[in-house]
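Colleague: Sequence first, then the predicted structure:
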Amino acid sequence: AQKITQTQPGMFVQEKEAVTLDCTYDTSDQSYGLFWYKQPSSGEMIFLIYQGSYDEQNATEGRYSLNFQKARKSANLVISASQLGDSAMYFCAMREGNTGGFKTIFGAGTRLFVKA
Amino acid sequence: GAVVSQHPSRVICKSGTSVKIECRSLDFQATTMFWYRQFPKKSLMLMATSNEGSKATYEQGVEKDKFLINHASLTLSTLTVTSAHPEDSSFYICSAREIGETQYFGPGTRLLVL
């Protein structure tokens, strides 16, 4: 069964506008972590933001914020004031398990295109 | 942020040969390292998790005899693709975790098997 679902294969946004990338997840663990990574065309994976399942506040990192709705099992990424350099593939990921043995699994990704 | 390197960045080899890919954490000790495989325009697929000094834990469907993982030290893990075939051609990415939640990724290795 799909654990991480990103329903938007591609998204367009105008430069300087905000954009929301959707992510829903499925887990029976009480303790888990949610991540967003950016992958430009070079292939490197760049860590953007992290949200723990017990964190009550939504995570923010500069222009990135994570809209965490635990009851809905969603962890959408919001990018404010989009820049041309934001054009890339974005992956939502979830860490399951405990510190003794956990693994991180990834969603299918959303390709973001920022228009000038 | 923490730096993870991979070597080589690209490799082309003949079918039937073995290829070794190194993953190093440069400025931290990685308690756990992960190996992923990514097909073009697809997501990352976790292949295995390795902890220093112990055997790797492979994901279902990943052949452990095909993809040998050695995590010899807290800063080095290697993935050896044995008797590589064209279907093994892919983008292989490692990541390393210190203590805490964040995994830091290497730049990836593009393998092409002719």
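Modeller: The structure has been received and is ready for your questions.
Colleague: Grab the longest strand from chain A for me.
Modeller: strand A:88-98 (DSSP state E).
Colleague: List the buried residues in it.
Modeller: Going by neighbour count (16 or more other Cβ atoms under 10 Å in any protein chain shown), the buried part of strand A:88-98 is A:Ala88, A:Met89, A:Tyr90, A:Phe91, A:Cys92, A:Ala93, A:Met94, A:Arg95, A:Glu96. Glycine gets a C-beta too; all of them are placed from N, C-alpha and C.
Colleague: What pairs with the helix or strand of chain A with the lowest mean pLDDT, parallel or antiparallel?
Modeller: One helix or strand of chain A scores below all others by mean pLDDT, DSSP states H and E: strand A:101-106, with a mean of 79. Under the criterion DSSP bridges, strand A:101-106 sits next to strand A:88-98 (antiparallel) in its sheet.
Colleague: quick one: contacts for the closest residue to chain B within chain A?
Modeller: Nearest residue of chain A to chain B, counting by Cβ to the nearest Cβ: A:Met45, 3.6 Å away. A:Met45 sits next to A:Tyr37, A:Lys38, A:Gln39, A:Phe91, B:Leu44, B:Ile93, B:Ser95, B:Phe105, B:Gly108 when contact means Cβ atoms under 8 Å, 6 or more residues apart in numbering or on different chains.
Colleague: Of these, just say which sits nearest to B:Pro8.
Modeller: Using Cβ to Cβ, B:Gly108 comes nearest to B:Pro8 of these, at 10.6 Å.
Colleague: For burial, what's the neighbour tally of the closest one?
Modeller: Around B:Gly108 sit 23 other residues, with neighbours defined as other Cβ atoms under 10 Å in any protein chain shown.
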